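**Student:** let's see this in three dimensions:
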Amino acid sequence: MARSPDSPHTPRSRRPVPRLATVLLLTNLAILLLPLGSIGALRILENELIRRTEAELIAQGTVVGEAWRQHLAAVLEEQGASLADLAGAGQIGVPAAPEWLATDDPDGVLHPVPADLDRGRDPIWPRAADPPPATSDRPAMAEAGRRLTPLLQHTTTVTLAGIRVVDVDGVQVASTRGEAGLDLSVWDEVPAALRGEPVRRMRERLSDEPTPPITSLSRRTRVRVFVALPVFEGDRVLGAVVLSRTPISLRRALYDGRHRLIGAGLALLAVVVLVSTGLAWAVTRPMRRLVRRAERVADGDRSAVTADDRPGTAELARVQAAFDRMTRVLVDREAYIRTFATGVSHEFKTPLTAMKGAAELLSDHGDEMSDDERARFVGVIERECDRLERLVARLLELARADVLQPEDAAHDLFAVADGVARRAVDRGHDVVVDGAGPLVAAIDAVPATTILDNLVENAVQHGGDGVRVRIGLERVGDSIVVDVDDDGPGISDANAARVFESFFTTARRSGGTGVGLAIVRTLVTQHRGTIDLIRTPERTRFRVTLPVAPTEDAA
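**Tutor:** Next up, the predicted model:
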């Protein structure tokens with residue numbers, strides 16, 4: 001049966017809920033971001049390992065360069081010269097490029113060298129070529145390098161860095177291996193450093209040695225960090241310090257931090273478990289409740305029809321809404337069928353009882369009856385047969401109205417009302433039409449005719465002899481309003497509350513079946529309309545309101 005928009009079973013408004021696709025997408029994205037985040041974290045860690053090595057080499061190179069400069073100053077002082085005076089006179093070193101002496105420090109003292117190598121951005125240079133032998137033409141610088149060599153050799157045992165010091169010509173004068181007399185100007189870093197430019201770069205590290213164990217001091221990284229720092233005296237470049245070291249491998253760093261990584265992995269596992277559990281809870285919990293409600297409804301528990309206010313997702317909300325509507329329709333249909341069956345059995349029982357009694361009397365005492373008595377009993381059977389025939393016809397009409405699927409239709413209600421009135425007048429009834437057409441409503445001609453025929457017949461049956469019936473029509477906004485009223489005796493308060501019930505009638509003697517108004521209400525509701533009983537001291541009025549058709553063309 002159709003339900004009005006304001007039915008008490010209309011689902012209550014619920015808070016917005018996410019769509020299942022949104023929940024799945026967000027969950028998958030969250031799980032996807034875990035490995036992506038790990039990859040990003042590993043890339044950041046690898047860069048940090050390289051930059052930490054770079055920063056350490058910059059710090060070591062700055063200290064080594066200052067130590068070599070001081071040794072050079074001491075050698076020159078022993079020879080009766082001053083490093084500052086020689087540099088000021090331009091007699092030692094080479095001038096640095098002006099742009100490399102610029103600084104953001106207002107006092108001109110600070111010259112920071114940031115560590116900014118990036119494995120993903122900066123190129124990996126080929127392995128440095130073996131430098132050829134050379135002889136230093138700077139004896140003071142060579143002597144300063146010889147004095148610095150023990151410090152470098154001791155330093156490398158702790159820092160694991162390779163350190164070389166070159167004079168202003170690029171000739172190696174000191175190193176952690178004790179070597180001297182090599183021309184390092186063949187390395188790109190050295191000429192740039194001798195112009196006053198700090199240089200940092202990564203070079204390939206190739207080794208034919210077997211892969212060392214993860215706990216070994218030997219490092220497995222495929223790149224080696226090179227740093228070349230100029231050594232200044234004022235605005236003159238005296239030489240450069242070239243440092244190199246292989247950064248700790250990512251695998252070794254992970255091994256060293258394995259305990260923290262295991263803890264982080266367990267935390268990520270807990271996150272995945274929580275996300276999966278939350279998703280399962282959000283999806284399966286409402287589904288389990290829906291299954292339990294379906295089982296309760298199947299067992300006859302009508303209280304399970306109550307809607308669920310916690311659907312979880314939009315799709316589940318739609319499933320539950322459809323289930324709720326289906327359940328309410330089935331429950332209403334069951335109640336309707338039960339009431340209908342009771343009414344039908346009652347309506348059929350009365351004429352059948354009369355017919356059976358008349359037939360038994362004719363069978364048992366027909367020979368003893370006069371012709372008039374036999375005709376009277378035969379008339380009873382015929383009248384009751386006619387009553388059953390009308391009742392069956394009405395029931396079929398009600399069944400068709402109940403399953404009617406309205407189509408996009410339009411028809412002039414004024415023309416329908418005029419035809420209904422003419423047929424009623426031909427049958428001897430006083431029926432008039434009040435209004436002017438066309439009044440096109442969203443309904444087909446057949447259901448519109450059935451509605452008005454039943455309303456007029458109801459008024460004639462209950463109005464008594466000489467009743468006058470009026471069909472009034474007018475358009476009000478987007479609706480067509482049809483009033484069918486009569487000047488009969490009216491309807492009592494008790495009967496007014498039951499007029500739309502199936503099989504309720506006070507006009508059985510005049511052929512009433514109690515189904516006509518039920519048919520009218522069903523057809524009107526099916527076509528998105530309303531019907532109301534309006535009682536006044538003078539008249540009884542049934543008001544039908546139907547929507548105006550989208551087009552004004554009559555069907």
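
**Student:** okay, now residue 488: neighbour count?
**Tutor:** Neighbour count for residue 488, taken as other CB atoms under 10 Å: 19. The way it works is simple: take the backbone N, C-alpha and C, and place the C-beta from them, glycine included.

**Student:** what's it sitting at in phi/psi?
**Tutor:** As for residue 488, its main-chain torsions (degrees, to the nearest 10) stand at phi -80, psi -170.

**Student:** buried sites along stretch 180-191?
**Tutor:** Within stretch 180-191, the residues scored as buried using 16 or more other CB atoms under 10 Å are 180, 182, 183, 184, 185, 187, 189, 190, 191.

**Student:** no, scratch that, I was asking about stretch 233-247
**Tutor:** Counting neighbours by 16+ other CB under 10 Å, one finds that the buried residues in stretch 233-247 are 233, 235-247.

**Student:** could you do stretch 112-121 as well?
**Tutor:** Along stretch 112-121, these residues count as buried under the neighbour rule (16+ other CB under 10 Å): 113, 115, 117.

**Student:** lowest-confidence entry in those residues?
**Tutor:** Confidence by pLDDT is poorest for residue 113 among the buried residues of stretch 112-121, given 82.

**Student:** right, and residue 170 touches residue 193 too?
**Tutor:** No - here residue 170 lies out of contact with residue 193, judged by CB atoms under 8 Å, at a distance of 9.1 Å.

**Student:** does the residue nearest to residue 58 when sequence neighbours are not counted belong to a helix, a strand or coil?
**Tutor:** In space, residue 58 comes closest to residue 113 once its chain neighbours are excluded; the distance is 5.2 Å by CB to CB, 6 or more residues apart in numbering. Using DSSP: H, G, I helix; E, B strand; the rest coil, the secondary structure recorded for residue 113 is coil.

**Student:** with the one 3 residues further on instead?
**Tutor:** When classified by three-state DSSP, residue 116 comes out as coil.

**Student:** please give the element, helix or strand, for the residue nearest to it when sequence neighbours are not counted.
**Tutor:** The spatially closest residue to residue 116, leaving aside those adjacent along the chain, is residue 51, at 7.1 Å (CB to CB, 6+ apart). Counting by DSSP states H and E, the element that carries residue 51 is helix 20-78.

**Student:** C-terminal to that helix, what's the next element?
**Tutor:** helix 83-88.

**Student:** who touches that following helix?
**Tutor:** Identification of contacts with helix 83-88 by CB atoms under 8 Å, 6 or more residues apart in numbering yields 69, 72, 73, 76, 77, 92, 93, 233, 234, 236, 238.

**Student:** could you rerun that using 10 Å?
**Tutor:** For helix 83-88, the external contacting residues (CB atoms under 10 Å, 6 or more residues apart in numbering) are 69-70, 72-77, 82, 91-93, 140, 144, 232-238.

**Student:** hang on, residue 544 in a helix?
**Tutor:** No - going by three-state DSSP, the assignment for residue 544 is strand, not a helix.

**Student:** give the bridge partners for the nearest residue to it once chain neighbours are set aside, please.
**Tutor:** Sequence neighbours aside, residue 482 is the residue nearest to residue 544 in space, at 4.4 Å (criterion: CB to CB, 6+ apart). Here residue 482 sits in beta bridges with residue 473, residue 544, as judged by DSSP bridges.

**Student:** pretty sure residue 482 is touching residue 530, no?
**Tutor:** No - in this structure, residue 482 sits apart from residue 530 without contact. The criterion is CB atoms under 10 Å, and the distance is 11.1 Å.

**Student:** of these two, which one has the most company?
**Tutor:** Comparing residue 482 with residue 530 by other CB under 10 Å, the one with more neighbours is residue 482, at 28 against 15.

**Student:** show me what contacts the more buried one?
**Tutor:** Listed by CB under 10 Å, 6+ apart, the contact set of residue 482 reads 413-414, 416-417, 435, 439, 441, 448, 451-452, 455, 471-474, 524, 529, 531, 542-546.

**Student:** would you map the strands across this structure?
**Tutor:** Listed in chain order, the strands of the chain (DSSP state E) span 94-95, 124-125, 162-166, 172-175, 199-204, 223-233, 236-245, 411-412, 430-434, 440-441, 468-476, 479-486, 530-535, 540-547.

**Student:** partners of the fifth one in the sheet?
**Tutor:** To tie it back to what came earlier, the one meant is strand 199-204. Each strand that strand 199-204 pairs with, and the sense of that pairing, follows from DSSP bridges: strand 124-125 (parallel), strand 223-233 (antiparallel).

**Student:** what angle separates it from strand 236-245?
**Tutor:** Going by axes from the mean of the first three to the mean of the last three CA atoms, to 10 degrees, strand 199-204 is angled at 30 degrees with respect to strand 236-245.

**Student:** averaged pLDDT, strand 199-204. What do you get?
**Tutor:** Predicted confidence along strand 199-204 averages 91 (mean pLDDT).

**Student:** got it, and the first one?
**Tutor:** Averaging the model's pLDDT scores along strand 94-95 yields 90.

**Student:** next up, the contacts around the residue nearest to residue 198 when sequence neighbours are not counted.
**Tutor:** Distances taken as CB to CB, 6+ apart put residue 113 closest to residue 198, at 4.7 Å, once the chain neighbours are dropped. By CB under 10 Å, 6+ apart, residue 113 lies in contact with 54, 55, 58, 59, 61, 62, 198, 199, 200, 227, 229.

**Student:** could you list every residue that touches the nearest residue to the first one once chain neighbours are set aside?
**Tutor:** Nearest residue to residue 54, sequence neighbours excluded (CB to CB, 6+ apart): residue 115, at 4.2 Å. Residues in contact with residue 115 (CB under 10 Å, 6+ apart) are 48, 50-59, 200, 225, 227.

**Student:** next, format these as a markdown table and append distance to residue 295 and neighbour count.
**Tutor:** As requested, those are arranged in a markdown table below (distance: CB to CB, whole Å; neighbours: other CB atoms under 10 Å):
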| residue | distance to residue 295 | neighbour count |
| --- | --- | --- |
| 48 | 59 | 13 |
| 50 | 64 | 23 |
| 51 | 64 | 19 |
| 52 | 65 | 15 |
| 53 | 68 | 27 |
| 54 | 69 | 24 |
| 55 | 69 | 18 |
| 56 | 71 | 19 |
| 57 | 74 | 28 |
| 58 | 74 | 20 |
| 59 | 75 | 15 |
| 200 | 73 | 23 |
| 225 | 70 | 27 |
| 227 | 75 | 30 |
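
**Student:** looking at the residues you listed, spot the one nearest residue 367.
**Tutor:** Set against residue 367, the nearest of those by CB to CB is residue 48 (121.9 Å).

**Student:** from residue 115, how far out is that closest one?
**Tutor:** Here residue 48 is placed at a distance of 10 Å from residue 115 (CB to CB, to the nearest Å).

**Student:** if we can go back for a sec, the residue nearest to residue 198 and residue 461: what is the separation?
**Tutor:** Counting by CB to CB - residue 113 and residue 461 are separated by 109 Å.

**Student:** again, but for residue 436
**Tutor:** Between residue 436 and residue 461 the distance is 29 Å, computed by CB to CB.

**Student:** same check on residue 243?
**Tutor:** Applying CB to CB, the value for residue 243 to residue 461 is 115 Å.

**Student:** beta-bridge partners for the closest residue to residue 160 other than its chain neighbours, please?
**Tutor:** Leaving out its chain neighbours, the residue that sits closest to residue 160 by CB to CB, 6+ apart is residue 245, at 6.1 Å. In this structure, residue 245 bridges to residue 225 when assessed by DSSP bridges.

**Student:** wait, residue 245 touches residue 203, no?
**Tutor:** No - in this structure, residue 245 is not within contact of residue 203 by CB under 10 Å, at 11.4 Å.

**Student:** residues touching residue 373, list them.
**Tutor:** Going by CB under 10 Å, 6+ apart, residue 373 touches 361, 362, 365, 366.

**Student:** let me know the pLDDT of the residue nearest to residue 544.
**Tutor:** If you check residue 482, the pLDDT there is 87.

**Student:** likewise for the one 4 residues further on?
**Tutor:** What the model reports as pLDDT for residue 486 is 82.
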